[in-house]
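Asks: give me a model of this one.
(2 chains)
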Amino acid sequence: MSFWDLIVSLLGQGLVITLLTTVLAAILALVLGFIAGLMRLSKNKLVRFLVSIYVEVFRGTSLLVQLFWIYFVLPMFGITMTALTAAVLAIGLNFGAYTSEVVRSGIQSVDKGQIEASIALNFTKVQRMKRIIIPQAFIIMLPNLGNQLIELFKSTSLVALITLTDLTYQANVLNATTLQTTQIFTALLVIYFVIAWPMTKGMKLLERKMTEGRM
Amino acid sequence: MWDWNYAFEVLPEIASALGVTISATVVGFILALVLGLIWTLLIRSSNKIITTVADSIVKFIRNTPLLVQLYFIFYVFPQFGLSLDPFTAGVIGLGLHYSTYLSEVFRSGIESVGPGQWEVATALNFTTKKTWTRIILPQAIPPVLPVIGNYFITMFKETPLLSAITLVEILQTAQNIGAGTFRYTEPLTIVGVLFLLLSYPASIALRQLENRVTARYS
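Replies: Numbering: from 1, shown residues only, chains lettered A, B, ... in the order given. Predicted coordinates for the structure are as follows:
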């Protein structure tokens, strides 16, 4: 096969799974990250403690180990899932832990005067968070969230190791059948780059748009 | 479901593979530090071609997955007559990948050194080499030490990827044990616990270093 045929073949077979895993895991990570990040700022010591266990366990162990654990160990306890579910769960939980730190530090870096002003204006706690704190914190978080999205996208290549048929998995299959090793892995690198690079650029653009006239 | 006897039986074998994991981390990190500094200096070069080429290479490496890079080094290099054993290939992959992140850290460190320092070095007639080793780097590196340390821990946690290119580190050892006994629960859990036991204290130590650095430099 020619280099282009290889690229087309890889894209046709693996792109959807790679992108699907990225999007689902990113949504899960963002939701978990916000929940855990807000809970870390709770006044309740027990809540803070429980969340810190989640964060430290998922940050302190390796993503690949978590992926294997969810896919190979959980079935021993009667929890069986598809490779896609396991992949989304592992990547989402892992990146959610990192995102929670971004959310926590983002919220903490909002100027104190903003909280005082919202109290003075008689905002409820929920209103204060929703209308005043989070919109400002989100802009502070944006560069970090963007970086994490790129890292998350790249980490989806690990799912090939639990037999999910993403780009990397298909490259290995193609390599075994055609033995065009050099072209296949070059094509694979190029594909990942061509997706990740515009993502990096896009996040920078979004950042600039959101901060326009604010910072 | 969880068998303590079995866990204690497999623990020594897994723990003994920790040596491979740690040496891959250390050697890979040294490579990343050296290469990272080289990228930074090349990107700062006054020669536009060198800057563009180095910058493009760094961007390409940063925007592709480490796992694929490992496959590339391990499976493609031999096609050109360069066969590497899994450890060497893994260390090169880790070092190369993280050098691009460290280069960014070095850059921010160097940029935080005030322009006056460069002027002083010129005024004192320091050579380029002396300017870097005596003036710039001693001021650029300490403030970014916590970030560098963070990457060390991150890299340590990425070493299980080396099992994909057949390096028998702790995850692969656990997998091998599991494949032999059909019991993955204990071996895989032990691997997770070992990572946590090593990386958590390291990150706490790093936080203390960070506090000291912030107290001193800001």
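Asks: all contacts plus neighbour counts: C-alpha atoms, from now on.
Replies: Will do.
Asks: from residue A:114, how far out is the residue lying farthest from the centre of chain A?
Replies: Largest separation from the mean C-alpha position in chain A: residue A:120, at 37.0 Å (CA atoms, centre = their mean). Distance of residue A:120 to residue A:114, computed by CA to CA, to the nearest Å: 10 Å.
Asks: go on, residue B:191?
Replies: For residue B:191 relative to residue A:114 (CA to CA), the value is 45 Å.
Asks: the two - which one has more neighbours?
Replies: residue B:191 (27 against 14; other CA atoms under 10 Å in any protein chain shown).
Asks: now do the SS call for residue A:43.
Replies: Three-state call for residue A:43 (DSSP: H, G, I helix; E, B strand; the rest coil): coil.
Asks: that one - how many residues pack around it?
Replies: Neighbours of residue A:43 under the rule other CA under 10 Å: 9.
Asks: before we move on, what about residue B:138?
Replies: Neighbours of residue B:138 (other CA under 10 Å): 13.
Asks: then residue A:179?
Replies: 12.
Asks: which of the residues in the helix or strand that contains residue B:38 are buried?
Replies: According to DSSP states H and E, residue B:38 maps onto helix B:18-43. Using 16 or more other CA atoms under 10 Å in any protein chain shown as the test for burial, helix B:18-43 gives B:18, B:20-21, B:24-26, B:28-29, B:31-33, B:35-43.
Asks: which strands or helices does it pack on?
Replies: helix B:48-62, helix B:86-111, helix B:137-158, helix B:170-181 (3 or more CA pairs under 8 Å, 6 or more residues apart in numbering or on different chains; DSSP states H and E).
Asks: which residues does residue 151 contact?
Replies: Since you didn't name a chain, this refers to chain A. Shown in contact with residue A:151 (CA atoms under 8 Å, 6 or more residues apart in numbering or on different chains): no residues.
Asks: actually it's chain B I care about, not the one you picked
Replies: Here residue B:151 is in contact with B:98, B:102 (CA under 8 Å, 6+ apart).
Asks: in chain A, which spans are helices?
Replies: Assigned by DSSP state H, the helices in chain A fall at A:3-39, A:45-60, A:63-68, A:83-108, A:112-120, A:125-127, A:134-155, A:167-178, A:181-211.
Asks: could you export those helices as CSV, including mean pLDDT?
Replies: Converted to CSV, the helices of chain A look like this (pLDDT from 0 to 100):
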stretch, mean pLDDT
helix A:3-39, 94
helix A:45-60, 95
helix A:63-68, 97
helix A:83-108, 96
helix A:112-120, 90
helix A:125-127, 88
helix A:134-155, 93
helix A:167-178, 94
helix A:181-211, 93
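Asks: mean confidence for the longest helix seen in chain B?
Replies: For chain B, the helix with the greatest residue count under DSSP H is helix B:185-217. For helix B:185-217, mean pLDDT rounds to 91.
Asks: got it, and stretch B:7-18?
Replies: The model assigns stretch B:7-18 a mean pLDDT of 94.
Asks: relative to the whole chain's centre, how far out is it?
Replies: Distance, stretch centre to chain centre, for stretch B:7-18: 25 Å (CA atoms, centre = their mean, to the nearest Å).
Asks: same question for stretch B:164-177.
Replies: The answer for stretch B:164-177 is 20 Å, by CA atoms, centre = their mean.
Asks: alpha carbons of that stretch, as PDB, please.
Replies: Taking Å, rounded to 0.1, in the frame of the first residue of the first chain, the C-alpha atoms of stretch B:164-177 are listed here in PDB:
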ATOM      1  CA  ALA B 164       4.000  -2.100  25.400                       C
ATOM      2  CA  ILE B 165       7.500  -2.400  23.800                       C
ATOM      3  CA  THR B 166       8.100  -5.600  25.900                       C
ATOM      4  CA  LEU B 167      10.100  -4.100  28.700                       C
ATOM      5  CA  VAL B 168       9.500  -6.200  31.800                       C
ATOM      6  CA  GLU B 169       9.000  -3.500  34.400                       C
ATOM      7  CA  ILE B 170       6.500  -3.700  37.200                       C
ATOM      8  CA  LEU B 171       3.300  -3.700  35.200                       C
ATOM      9  CA  GLN B 172       4.500  -6.300  32.700                       C
ATOM     10  CA  THR B 173       5.700  -8.400  35.700                       C
ATOM     11  CA  ALA B 174       2.200  -8.200  37.200                       C
ATOM     12  CA  GLN B 175       0.700  -9.100  33.800                       C
ATOM     13  CA  ASN B 176       3.000 -12.100  33.400                       C
ATOM     14  CA  ILE B 177       2.100 -13.300  36.900                       C
END
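Asks: for that stretch, buried residues please.
Replies: B:164, B:165, B:167, B:168, B:169, B:170, B:171, B:172, B:173, B:174, B:175, B:177.
Asks: and those, which two are the farthest apart?
Replies: Across the buried residues of stretch B:164-177, no pair lies farther apart than B:165 and B:177, at 17.8 Å, counting by CA to CA.
Asks: on that earlier part again, gap between the residue farthest from the centre of chain A and chain B?
Replies: Distance of residue A:120 to chain B, given as CA to the nearest CA, to the nearest Å: 32 Å.
Asks: where does residue B:169 fall, phi/psi-wise?
Replies: phi -100, psi -160 (degrees, to the nearest 10).
Asks: do I have it right that it meets residue B:163?
Replies: Yes. Here residue B:169 reaches residue B:163: they are 6.5 Å apart, a contact under CA atoms under 8 Å.
Asks: quick one: residue A:65 and chain B, what's the gap?
Replies: On the measure of CA to the nearest CA, residue A:65 and chain B end up 6 Å apart.
Asks: count of residues packed around that residue?
Replies: A count of nearby residues for residue A:65, using other CA under 10 Å, gives 21.
Asks: OK, contacts around it?
Replies: Counting by CA under 8 Å, 6+ apart, residue A:65 makes contact with B:160, B:171, B:188, B:191, B:192.
Asks: got the helices of chain A as a markdown table, with distance to residue A:76 columns?
Replies: What follows is the helices of chain A, written out as a markdown table (distance: least, CA to CA, whole Å):
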| stretch | distance to residue A:76 |
| --- | --- |
| helix A:3-39 | 24 |
| helix A:45-60 | 21 |
| helix A:63-68 | 12 |
| helix A:83-108 | 14 |
| helix A:112-120 | 49 |
| helix A:125-127 | 42 |
| helix A:134-155 | 26 |
| helix A:167-178 | 25 |
| helix A:181-211 | 34 |
